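Novice: okay, structure incoming, though there's no sequence with it:
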């Protein structure tokens, strides 16, 4: 079975009032994400070892292997973006009480969490991602990964939220102001209800 581009869980223009315009979503989802899916399917088609494997299995199998870097890059980016679209919401920014309590417990306050997340996202040099994860010790942590890597590949916990900090994700809306993009995500776009559901499922 070939991998497929998932439909967005909202319309392309649904986030425009919250700082992510329709053109950004059309280019990012319909073009960039589709390109990763198309490339990944091409690699799977040519490599019998990959056929029949789930996306998670391909990400784990190809991680850290120089000869499989192109496979990993495209599988990782497909995995990352599946989570990213769910981490955004037209009603974003509101945090359920259960998640807020856990964040207060593990970071000291919501503001402290946001500061840590913003630091991770803005100090990731070049392309990459910032994440809120549930670590193996049961605590929430903020981390970052370069390029197409992710918490699954790095073994750093279950991803609850992920923010794409590749320039294509914010340049139309924020130009070179990555810190503004990150703040806007945390305050107005982040789907904390999705993160809360991921936490409860863990």
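Specialist: Looks like it came in fine. None of these values were measured; they are calculated from a predicted model.
Novice: contacts, neighbours, all on C-alpha from now
Specialist: OK.
Novice: ok, now which ones touch residue 122?
Specialist: 178-179, 182 (Cα atoms under 8 Å, 6 or more residues apart in numbering).
Novice: ditto for residue 185
Specialist: 88, 93.
Novice: measure it to residue 131 for me?
Specialist: According to Cα to Cα, to the nearest Å, residue 185 stands 12 Å off from residue 131.
Novice: can you turn the buried part of the contacts of residue 122 into a ChimeraX selection?
Specialist: Remark: buried members of those, expressed as a ChimeraX selection using 16 or more other Cα atoms under 10 Å:
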select :178,179,182
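Novice: with pLDDT, secondary structure and distance to residue 40 added, can I get the contacts of residue 122 in JSON lines?
Specialist: Rendered in JSON lines, the data for the contacts of residue 122 read as follows (pLDDT from 0 to 100; DSSP: H, G, I helix; E, B strand; the rest coil; distance: Cα to Cα, whole Å):
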{"residue": "178", "pLDDT": "98", "secondary structure": "helix", "distance to residue 40": "28"}
{"residue": "179", "pLDDT": "98", "secondary structure": "helix", "distance to residue 40": "31"}
{"residue": "182", "pLDDT": "98", "secondary structure": "helix", "distance to residue 40": "29"}
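Novice: which residue of this protein sits farthest from its center?
Specialist: residue 48 (28.4 Å; Cα atoms, centre = their mean).
Novice: give me the secondary structure label for that residue.
Specialist: coil (DSSP: H, G, I helix; E, B strand; the rest coil).
Novice: just give the closest residue to the most centrally placed residue in the chain, not the sequence neighbours.
Specialist: The residue lying closest to the centre of the chain (Cα atoms, centre = their mean) is residue 162, at 3.2 Å. Leaving aside its sequence neighbours, residue 162 sits nearest to residue 131 (Cα to Cα, 6 or more residues apart in numbering; 4.5 Å).
Novice: name the helices or strands packed onto the helix or strand hosting residue 61?
Specialist: Using DSSP states H and E, residue 61 maps to helix 55-62. Under the contact criterion of 3 or more Cα pairs under 8 Å, 6 or more residues apart in numbering; DSSP states H and E, helix 55-62 touches helix 69-86, helix 151-154.
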